[in-house]
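# Structure here, sequence nowhere to be found:
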């Protein structure tokens, strides 16, 4: 990846018009390790007309999840580095970050769609991206989704890749997961939800999105995060 683009990524500042937009929009982000079920939860929540899916941009290629190929404009906007660079130059991003060797970002236009429709903006985001949103507006709600235990997590990952995952890729994702868990546990603003049963998970996430949560359940889920981290 070109050094000029990486420099632009590292120095990018949220434009003031985007700051104003974020502060006037209800935003909920699903964060979490690969295989926690973020996309599944988002797809279920989007059946509720209250939510708008903020589709992120990425330089990675579409991939197959549980046998289904990701779709342009529905799962992600799959773009090349030149497009990312142009969008950075035009201040079209709220945030953009390098992760897993690819660039991921959320656009101002996607947040505006939720704002204009008076809906809850809902999207998946990297742990590092959350900090940028929280620096702008501490009412942004980041929910860290977790598998119930290490063994279930590994089985889900295997299922996600249909048994075809490169061992080096899995190893890299475990390294990334370790960093994500460490960073999230150091921050006080994450809500933690264990995705053991999809219907229960959706119910809990929806309640948190509407400002309701259980301190006891959050602490129990946070302990699961610590247990997973100890396994890595």
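Received, thanks. Computed from a prediction, not measured in an experiment: that's the story for all the values here.

# Show the subsequent helix or strand relative to the helix or strand of the chain at the bottom of the mean pLDDT ranking.
Lowest on mean pLDDT, DSSP states H and E among the helices and strands of the chain sits strand 64-65, with a mean of 74. Counting by DSSP states H and E, the element after strand 64-65 in chain order, helix or strand, is strand 68-69.

# Not counting its own residues, what contacts that next one?
The contact list for strand 68-69, computed with C-beta atoms under 8 Å, 6 or more residues apart in numbering, reads 62, 63. C-beta here means a position set from N, CA and C on the backbone, and glycine is covered the same way.

# swap in stretch 137-146?
Residues outside stretch 137-146 that contact it (C-beta under 8 Å, 6+ apart): 19, 22-23, 26-33, 36-38, 41, 125, 130, 133-134, 184, 189-195, 201, 205, 208-209, 221, 224-225, 228.

# can you check stretch 174-190 too?
Outside stretch 174-190, the residues that reach it (C-beta under 8 Å, 6+ apart) are 31-34, 99-100, 126-128, 130-131, 134, 138, 142-144, 222, 225-226, 228-229, 232.

# which parts of stretch 33-52 are buried?
Going by neighbour count (16 or more other C-beta atoms under 10 Å), the buried part of stretch 33-52 is 33-42, 44-45, 51-52.

# Need the distance between the two termini of that stretch.
23 Å (C-alpha to C-alpha, to the nearest Å).

# How far does it sit from its chain's centre?
On the basis of C-alpha atoms, centre = their mean, to the nearest Å, stretch 33-52 sits 10 Å off its chain's mean C-alpha point.

# what about that stretch, average pLDDT?
Mean per-residue pLDDT for stretch 33-52: 94.

# At which residues are the helices of this structure located?
Using DSSP state H, the helices assigned to the chain run over residues 3-11, 16-23, 38-45, 81-89, 108-116, 127-136, 150-160, 167-186, 198-209, 215-231.

# what's the closest of those helices to residue 60?
Among these, helix 81-89 comes nearest to residue 60, with 11.1 Å by C-beta to C-beta.

# List the contacts of that closest one.
With contacts defined as C-beta under 8 Å, 6+ apart, helix 81-89 is touched by 1-2, 4-5, 8-9, 12, 57, 59, 93, 96, 103, 105, 107.

# Need those residues in CSV (columns: neighbour count, distance to residue 166 and pLDDT).
Below are the contacts of helix 81-89 laid out as CSV (neighbours: other C-beta atoms under 10 Å; distance: C-beta to C-beta, whole Å; pLDDT from 0 to 100):
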residue, neighbour count, distance to residue 166, pLDDT
1, 13, 20, 72
2, 10, 26, 88
4, 10, 30, 94
5, 17, 26, 96
8, 15, 30, 95
9, 19, 26, 94
12, 18, 31, 94
57, 20, 25, 95
59, 20, 19, 96
93, 25, 30, 95
96, 22, 26, 91
103, 25, 21, 94
105, 26, 26, 92
107, 20, 31, 95
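
# Residue 79 contacts residue 58, doesn't it?
Yes: counting by C-beta atoms under 8 Å, residue 79 does reach residue 58; the two are 7.3 Å apart.

# Neighbour count: these two, which is higher?
Neighbours were counted for residue 79 and for residue 58 using other C-beta atoms under 10 Å; residue 58 has more, 21 against 17.

# before we move on, back to that, quick one: buried ones out of the contacts of stretch 174-190?
Buried among the contacts of stretch 174-190 (16+ other C-beta under 10 Å): 31-34, 99, 126-128, 130, 134, 142-144, 222, 225, 228-229.
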